[in-house]
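**Student:** Attaching a predicted model along with its sequence, questions to come.
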There are 2 protein chains.
Amino acid sequence: MRRSIATVCLSGTLEDKLSAAAAAGFDGVEIFENDLLACPLSPEQVAERCAGLGLTVELYQPFRDFEAVPEELHLRNLRRAAHKFALARRLGAGTVLVCSSVAPEAVDDDALAAGQLRALADVAADHGVRVAYEALAWGKFVRTWERSADIVLRADHPALGLCLDSFHVLSRGGDIAGISGFPAEKLFFLQLADAPHLRMDVLQWSRHHRLFPGQGAFDLARFTSRVLAAGYPGPLSLEVFNDVFRQAPPDRAAVDAMRSLIVLEEGLGRRDPAAARRETAAVARRDPAAVARRGRAAPPPPAPAPEGFAFVELAVDAESGTEVARTLAATGFAHIGQHRSKPVQLWQQGDARVLLNATGTARAAIGAFAVETGDPERSGRRATALLAPALPRTRGAAEADLTSVAAPDGTAVFFCRTGAPDGWLGDFILSGTPGPARTGITAIDHLALSQPFDAFDEATLFYRSLFGLAPEHDAELAAPFGLVRSRAVTDPGRRLRLLLDGTLLRRGSWAPAVPDPQHVAFHTDDIFRTAQALRDRGAPLLNVPANYYHDLDARLAPAPALLAALREHNVFYDRDGDAEYFHLCTEILGSRVFFEIVQRSSGYTGYGTANAPVRMAAHRAAHTRNHTAATAGTRE
Amino acid sequence: MRRSIATVCLSGTLEDKLSAAAAAGFDGVEIFENDLLACPLSPEQVAERCAGLGLTVELYQPFRDFEAVPEELHLRNLRRAAHKFALARRLGAGTVLVCSSVAPEAVDDDALAAGQLRALADVAADHGVRVAYEALAWGKFVRTWERSADIVLRADHPALGLCLDSFHVLSRGGDIAGISGFPAEKLFFLQLADAPHLRMDVLQWSRHHRLFPGQGAFDLARFTSRVLAAGYPGPLSLEVFNDVFRQAPPDRAAVDAMRSLIVLEEGLGRRDPAAARRETAAVARRDPAAVARRGRAAPPPPAPAPEGFAFVELAVDAESGTEVARTLAATGFAHIGQHRSKPVQLWQQGDARVLLNATGTARAAIGAFAVETGDPERSGRRATALLAPALPRTRGAAEADLTSVAAPDGTAVFFCRTGAPDGWLGDFILSGTPGPARTGITAIDHLALSQPFDAFDEATLFYRSLFGLAPEHDAELAAPFGLVRSRAVTDPGRRLRLLLDGTLLRRGSWAPAVPDPQHVAFHTDDIFRTAQALRDRGAPLLNVPANYYHDLDARLAPAPALLAALREHNVFYDRDGDAEYFHLCTEILGSRVFFEIVQRSSGYTGYGTANAPVRMAAHRAAHTRNHTAATAGTRE
């Protein structure tokens, strides 16, 4: 299938947008009128620019509020349309989009609508273009794809066809069963957008909160497969109005958009391989070049099932490295190895492995993590096919060849098989063994990676698609310094849990002392034993306010002995039916990372997210206290 | 009236919020449960902190979903309530808020609700506190203030009363006529919030988009006067959930909040002076201290009618000063004076005066403007009473004593009477006269001041309240680099027009080359004469893309001669009925300011805002071209 993107999805001038779309590998673009109006290039120059970039102009969107109006207005509309069709022709756009009317003058008369659209199609045909008619979810009368389809059939003009937009259909919970029966020759265009389920006015929802496929809640694979089953021969074209994407760097947003289409097409193939083959054959009959293009970019190989974390790597400088190492020791980790060629230490307890990498200047942050997989090479190929930027490796002789890519938040992601003969552990000179689990930590439970404000949805799709994870536990919290949101992505076996969090709006000058903390959560089977051991070993544990436990008592009424133990050990608590979650935290290490110890019982699947605001305030208080103490110390 | 603010209005930890509220002069606070839970201070310590800051704890908000539930759940609820009443008592809060239930278990039975609330009030009375019951706009059954009032009367318990929240009443378009008849002794609490009219789910509207009084669309003076007419003796308490305020600097937000109450009280007095006197007397009978406190802060004197701009001052450095001076000359301004003691030049054409102030390092920006007023001293007193920060003056001997204050965006605002014997013009050594209007410019039409993302509503209230302006022409635009919004504030005589604009979301690394441009708009009675004169004099006029005029033709079909003239002179055009607007721009001068020349005909009141995206892209293109040219020049 050809892949197209509307210029409205991207930020910048028209020239910026075209460059970004081409660089991300799109075959075509929809040009929005406002982008053209503000552009110093003439329509012919825009067409030339597109051709030079290998982009076709799939669609032009110059006006709406056309049909079912009084005759005098209809004539004015035709005059304007003639202007715009001439312009579309100059742009090289063969199709012009006309949305169903929201004009106050429009009347509820499908025969009139069909007649006026037929007249419009006549003018379009004179200019060598065609009109794709689309039902807006908030159209004055025409709000469903079925009604717009009826009007198109009734108008019965070869230059008039249907445009289907997944948002307008799915936001209304529309019935899509009939789409596959619509005549292919009248299916002129397909626009795709995902969106979260929101309880709001559908127009505002559409104009501000659309997302790329796979980032929202719509079943776009099902929708798209219906349209393809009808024989739709055109491009899959993204039309996403999103307040954040409108101001995000366009090169990056275009790659995110392209990744969403690759993942969607993968879903289409998985959904019905036979249909995918039929579709390929159908496209081949009509457009052999499209099949050739698709052959160029092989679909990604399936994701090998993730088998947990091989390691997490903390980037440290000298000072924070000392602090983190001291805390790892106090948490019961053993320093069991040293990298052969780099200043990287290996620490381990149970199956939890932490690398301390002192090659950079970061004041303690999660720089990388490695996913344990049965087939690292295939994981790497999949990542590359999904446009993950490969990271350069500086590899010593005889060191393991680890594939790694950069996530949107800058984290390096490795794929490895720890037990393999040529595995990454061979890069380390081992000076000891993990020995017994000193404090009861058995593994890495999850990583919490804070995301930049404008990369949250991109990051979700990235991590999901690379490893075959699914999102869950979406939450929005009123935290002390502003709203934050979090979302987990997890494999079905819950061996790889990533918790993505970030601020809902970009923060300004007033921000917490520790912005965007990340954490590594370790698993224990006995939180109180581990808590006692950490305390005995002098780990810098976070104090939880007494008020928190007072509320816990009022709210969940845990048994008095349990409440006392929670309070004594500064353990946070959550309950979901019978399932329980216990978690405690260290203070912030260096500038932004902390450790968490968690125990899950009776199949608890969450992350105690409701406790996060209390934890954030406690981290702030600890930071202020430590900082004040340090300053006081300096003064003495 | 006592003035109170809910901690949820402000960002930070509880300690941050209390400090900010006290510093802004509030008498009391509502404490939100989550703020307390995350606080390391015990409830007694919080009470002590408040007392030390001169704050009473007016309300505590610990739970909801209480009433009209099955007996077993009712007993659990009472247990939890007892916990929380004890806590409220420790906090020193005499009133606890209980919102109408949204619990799935709640049933539609007002008798049961009243009975269970009576039982709750018994427990409350045992703990020495009282319960204020409030109808949430999205309550499961109780959604109107009338129904909550009926339940309170039916329960008939001295420790149970009503809480009225302006948002919950006005968001539903509730009938407020009956409020003034409600028994004063059962009116326990009044929460105030404004909001813009939004078409969205009322819960989301309430939780994310509330504003301080005067910043939204609700008639809070009318609402509040009804409540006061009933004899309500308690505080005016702000309860504003707003995503932006939640992360804005709390000291500043608290001042903004206090200003909103001062303005609201002024509106109450204006609405019905006799009622205000009666209310004062009623309060005096119950709380003489409150009347004394009110006496401390005198109400602001009325705003003298603004009579236009006395001057606008551009802050420049050496390089940008040369560029701006050259452009002023090319725009037909004459350099007619030099400040006696500072590096400030006076330029004038017609009644438009521009000062170039080279004392700073700004690369050309609007540093200050002066409002012409019949009573500068009173304007200054009003600004001070409205908590505008006074700016220090460095005044030479015999120089005019200009009062000035800082606006939220940092602009200095002066009040002056240019024609007065001791007026500010005396500070300048005049070397010439403005002479004839060389290019037809007669006055400053408006100033466009770009606002920081999180100061937009604050700035609106600031400018409105200082000068007695009203907002109009709210617009939200999809601009090339993201959404922007703009709003004008204008006096009834339209002599002072300020256009406030800003980004809808805070921008990140991908931003236009010229972020947040400001402009000074000059008025002409003949745009084409002025355009020709500017061109003859070599002013750096902005090129408008031909595509813009092509669309203008399709859209508005101006007469061919007019269209040709617009295109020839790069003039933007807007039409509103018969009223027309013509405007042209210079390129950006220095880093962020440009000049606009405008002509209004047939009473056009807007600002051609729809043309702004094209203008922004054109400014970006010009900047890129000039910058590239400069770089190319360097290379040679």
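**Tutor:** Thanks, I have the structure now. Bear in mind that the values here come from a model prediction, so they are computed numbers and not experimental data.

**Student:** any idea which element the residue lying closest to A:L170 once chain neighbours are set aside lies in?
**Tutor:** In this structure, A:L170 finds its nearest non-sequential neighbour in A:F218, 4.6 Å apart by CB to CB, 6 or more residues apart in numbering or on different chains. Placement of C-beta: from N, CA and C, glycine included. Remark: A:F218 resides in no helix or strand, with elements defined by DSSP states H and E.

**Student:** what about A:F218, distance to A:I176?
**Tutor:** To A:I176, A:F218 is 11 Å away according to CB to CB, to the nearest Å.

**Student:** picking up where we left off before, retrieve the pLDDT associated with the residue nearest to A:L170.
**Tutor:** At A:F218, the pLDDT value in this model is 96.

**Student:** can I assume it is in contact with A:D194?
**Tutor:** Yes - counting by CB atoms under 8 Å, A:F218 touches A:D194, with 5.0 Å between them.

**Student:** Spit out the residues that contact those two alike.
**Tutor:** Residues touching both A:F218 and A:D194 (CB atoms under 8 Å, 6 or more residues apart in numbering or on different chains): A:S166.

**Student:** Stretch A:98-115: end-to-end distance?
**Tutor:** 15 Å (CA to CA, to the nearest Å).

**Student:** picking that back up, of A:F218 and A:I176, who's got more company?
**Tutor:** A:F218 (23 against 20; other CB atoms under 10 Å in any protein chain shown).

**Student:** so what's in contact with A:F218 and A:I176 at the same time?
**Tutor:** A:L170.

**Student:** quick revisit: quick check: phi and psi at the residue nearest to A:L170.
**Tutor:** Per-residue torsions, A:F218: phi -80, psi 150 (degrees, to the nearest 10).

**Student:** now swap in the one 5 residues further on and tell me
**Tutor:** Note on A:F223: its backbone torsions stand at phi -60, psi -50 [degrees, to the nearest 10].

**Student:** again with the one 3 residues further on
**Tutor:** The phi and psi values for A:R226, taken as degrees, to the nearest 10, are phi -60, psi -40.

**Student:** Can you give me the pLDDT of the closest residue to it other than its chain neighbours?
**Tutor:** Computed as CB to CB, 6+ apart, the closest residue to A:R226 that is not its neighbour in sequence is A:I179, at 4.3 Å. You'll see A:I179 listed with a pLDDT of 95.

**Student:** isn't A:I179 right next to A:S148, touching?
**Tutor:** No - between A:I179 and A:S148 there is no contact under CB under 8 Å: 11.7 Å.

**Student:** how about the strands in the stretch 1-150 of chain A?
**Tutor:** With DSSP state E, counting those that start in this stretch, the ranges of strands along the stretch 1-150 of chain A come out as A:3-6, A:28-32, A:56-64, A:95-99, A:130-134.

**Student:** who's in contact with the last one?
**Tutor:** Applying CB under 8 Å, 6+ apart, the contact partners of strand A:130-134 are A:59, A:67, A:94-100, A:117, A:120-121, A:124, A:148, A:151-152, A:158-165, A:168, A:188-189, A:191.

**Student:** what lines up beside that strand in the sheet?
**Tutor:** Within its sheet, and counting by DSSP bridges, strand A:130-134 is paired with strand A:95-99 (parallel), strand A:160-165 (parallel).

**Student:** Now for the residue nearest to A:R226: which residues touch it?
**Tutor:** A:I179 makes contact with A:W145, A:L164, A:F223, A:R226, A:V227, A:A229, A:A230 under the criterion CB under 8 Å, 6+ apart.

**Student:** Between all of the residues you listed, which two are at the greatest distance?
**Tutor:** A:W145 and A:A229 (14.8 Å; CB to CB).

**Student:** Now the stretch 251-400 of chain A against chain B: closest residue?
**Tutor:** Closest residue of the stretch 251-400 of chain A to chain B, CB to the nearest CB: A:R252 (8.4 Å).

**Student:** Against B:R497, how distant is that residue?
**Tutor:** Counting by CB to CB, the gap from A:R252 to B:R497 is 40 Å.

**Student:** Who has more neighbours out of those two?
**Tutor:** B:R497 (23 against 19).

**Student:** Could you pull up phi and psi at the more buried one?
**Tutor:** According to degrees, to the nearest 10, B:R497 has phi -120, psi 120.

**Student:** which residue sits closest to it, ignoring its sequence neighbours?
**Tutor:** B:H446 is the one closest to B:R497 (CB to CB, 6+ apart), at 3.7 Å.

**Student:** can you give me how far the helix or strand hosting the one you found is from the chain middle?
**Tutor:** Applying DSSP H and E as the criterion places B:H446 in strand B:441-450. Chain-centre distance of strand B:441-450: 20 Å, with CA atoms, centre = their mean, to the nearest Å.
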